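Trainee: build me a model:
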Amino acid sequence: MITPGIDHIALTVPDLDAQVDRLTSAFGMVVEGRSDLFALLADPASGLKIELGRSPDSDVHFRHLGFRTDDVDGAHEHLVEAGMESSEAPHRRDFARMYTSFLRQRGGIEVQLVKYDL
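Mentor: Just a heads-up that it's a prediction; the model follows:
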């Protein structure tokens, strides 16, 4: 149900502007979306995205791993049945042009399932 491959990694960082500058200038990433509190960068070679938000403190924090799927509802249900806890039921995020859900696996790692509009 889940398409192989990670779609994105989400982090919060203390200096969003500096991190965006570093990832674009030193690593060739491309900004796909940007606001004062958020940035979405992509690696043009692999398509992997990094979602950055502003950290509430001076540390970098892991937020979640994003995985692509063709069926968010079915994958979400399957993962709940397999023991994951639903953090956010499947829903639309119009600003990101996606249908998505969030789950937390044992041990605390949160995952996001995404299906982008075509």
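Trainee: quick one: Asp59 is in a strand?
Mentor: No. With DSSP: H, G, I helix; E, B strand; the rest coil as the criterion, Asp59 is assigned coil and is not in a strand.
Trainee: so who does it touch?
Mentor: Pro14 (C-beta atoms under 8 Å, 6 or more residues apart in numbering). C-beta here means a position set from N, CA and C on the backbone, and glycine is covered the same way.
Trainee: you'd agree Val111 is in a strand?
Mentor: Yes. The assignment for Val111 by three-state DSSP puts it in a strand.
Trainee: quick check: beta-bridge partners of Phe38?
Mentor: For Phe38, the beta-bridge partners are Gly53 (DSSP bridges).
Trainee: okay, now it: neighbour count?
Mentor: Phe38 has 14 neighbouring residues, counting by other C-beta atoms under 10 Å.
Trainee: for the one 3 residues further on, same thing?
Mentor: A count of neighbours around Leu41, defined by other C-beta under 10 Å, yields 21.
Trainee: next one: Arg34
Mentor: Residues lying near Arg34 (other C-beta under 10 Å) number 14.
Trainee: for it, which residues are in contact?
Mentor: If a contact means C-beta under 8 Å, 6+ apart, then Arg34 has 20, 40 as its contacts.
Trainee: run through the bridge partners of it.
Mentor: Beta-bridge pairing for Arg34 (DSSP bridges): Ala39.
Trainee: so how far is Ser87 from Ile109?
Mentor: Counting by C-beta to C-beta, to the nearest Å, the gap from Ile109 to Ser87 is 11 Å.
Trainee: where does this protein have low pLDDT?
Mentor: For the chain, the stretches with pLDDT under 70 are 1-4.
Trainee: which residues of this protein fall in strands?
Mentor: Applying DSSP state E to the chain gives strands spanning 2-13, 30-34, 38-42, 49-54, 61-69, 85-93, 98-104, 110-116.
Trainee: good, wrapping up.
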